[in-house]
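K.L.:
build me a model from this:
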Amino acid sequence: MNEMWQMKSDWKSWKVDGLPNFEFLWDRSNYFYTHHVHEGFNIDFIQSGIFEYRIGVRTLIAHPGSTVWIDRHEVHEARCLTQKPMVRSLLLSEHFVISLAMKLKMKKVGRLIHPVIKDESLSEQIECIHRIAEAPFNKREIDRLLANTVSCLLLR
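P.N.:
Numbering: from 1, shown residues only. Okay, the predicted model is just below:
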């Protein structure tokens with residue numbers, strides 16, 4: 001069962017028992033998230049709609065099928081520019097990402113040069129992780145998929 005689950009008609013946020021390093025969120029509201037930061041890392045998958053992100057001093061546009069990587073402690077905001085948006089977010093603990101980077105023999109986790117990524121395979125992985133986490137699931141499968149997906153992002 002889910003240890004934390006909140007749902008409104010246009011968004012849902014939840015954590016999964018046994019997977020404390022991850023939080024899941026989907027949002028289909030015409031939303032605007034003002035300047036904020038996360039303690040960990042944030043990955044957004046844009047399923048539909050066009051979004052404007054302000055990450056640090058940069059303004060970036062993300063189209064459907066894009067994945068957006070936001071580093072820990074990085075000031076950012078996002079807003080939807082179109083109707084009928086859908087974004088799926090993965091909030092990852094700093095510990096999980098740093099541990100994974102160490103396993104990949106990376107000296108540090110840096111900011112991505114291009115935080116908006118257009119990669120169909122990556123998008124499919126993130127959508128798959130969300131769908132598995134929403135239904136009865138296998139925690140090891142979610143953990144494996146997340147490790148594979150984040151590894152792909154870290155190695156970019």
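
K.L.:
tell me how many other residues surround P85.
P.N.:
Using other Cβ atoms under 10 Å, P85 has 21 other residues around it. Any C-beta I mention is one placed from the backbone N, CA and C, and that applies to glycine too.

K.L.:
can you list the weak-confidence ranges in the chain?
P.N.:
Residue ranges of the chain with pLDDT under 70: 1-8, 110-112, 136-137.

K.L.:
spell out, range by range, the helices that occur in it.
P.N.:
For the chain, the helices defined by DSSP state H occupy 94-103, 120-134, 139-154.

K.L.:
now the residue most central in space within the chain. Nearest residue, chain neighbours left out?
P.N.:
With distances taken as Cα atoms, centre = their mean, the chain has I43 as the residue nearest its mean C-alpha position (2.2 Å). Spatial nearest neighbour of I43, excluding adjacent residues (Cβ to Cβ, 6 or more residues apart in numbering): L90 at 4.5 Å.

K.L.:
ok, now which ones touch E94?
P.N.:
Neighbour list for E94: E39, G40, F41, R72 [criterion: Cβ atoms under 8 Å, 6 or more residues apart in numbering].

K.L.:
highest neighbour count among the residues you listed?
P.N.:
In terms of neighbours by other Cβ under 10 Å, the contacts of E94 top out with F41 at 23 neighbours.

K.L.:
surely I142 touches I129?
P.N.:
Yes. Here I142 reaches I129: they are 6.3 Å apart, a contact under Cβ atoms under 8 Å.

K.L.:
list the buried residues of stretch 90-103.
P.N.:
Applying a neighbour-count criterion of 16 or more other Cβ atoms under 10 Å, the buried positions in stretch 90-103 are L90, L91, L92, S93, E94, F96, V97, I98, L100, A101.

K.L.:
extract the C-alpha set from that stretch and format it as PDB.
P.N.:
The C-alpha atoms that make up stretch 90-103 are tabulated as PDB, following Å, rounded to 0.1, in the frame of the first residue of the first chain:
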ATOM      1  CA  LEU A  90       9.800  11.800 -10.000                       C
ATOM      2  CA  LEU A  91      11.300  13.300  -6.900                       C
ATOM      3  CA  LEU A  92      14.500  11.500  -6.000                       C
ATOM      4  CA  SER A  93      16.400  11.800  -2.800                       C
ATOM      5  CA  GLU A  94      19.900  13.200  -2.900                       C
ATOM      6  CA  HIS A  95      21.200  10.100  -1.200                       C
ATOM      7  CA  PHE A  96      19.800   7.800  -4.000                       C
ATOM      8  CA  VAL A  97      21.200   9.900  -6.900                       C
ATOM      9  CA  ILE A  98      24.600  10.400  -5.200                       C
ATOM     10  CA  SER A  99      24.900   6.700  -4.400                       C
ATOM     11  CA  LEU A 100      24.000   5.800  -7.900                       C
ATOM     12  CA  ALA A 101      26.600   8.200  -9.300                       C
ATOM     13  CA  MET A 102      29.200   6.600  -7.100                       C
ATOM     14  CA  LYS A 103      28.300   3.100  -8.500                       C
END
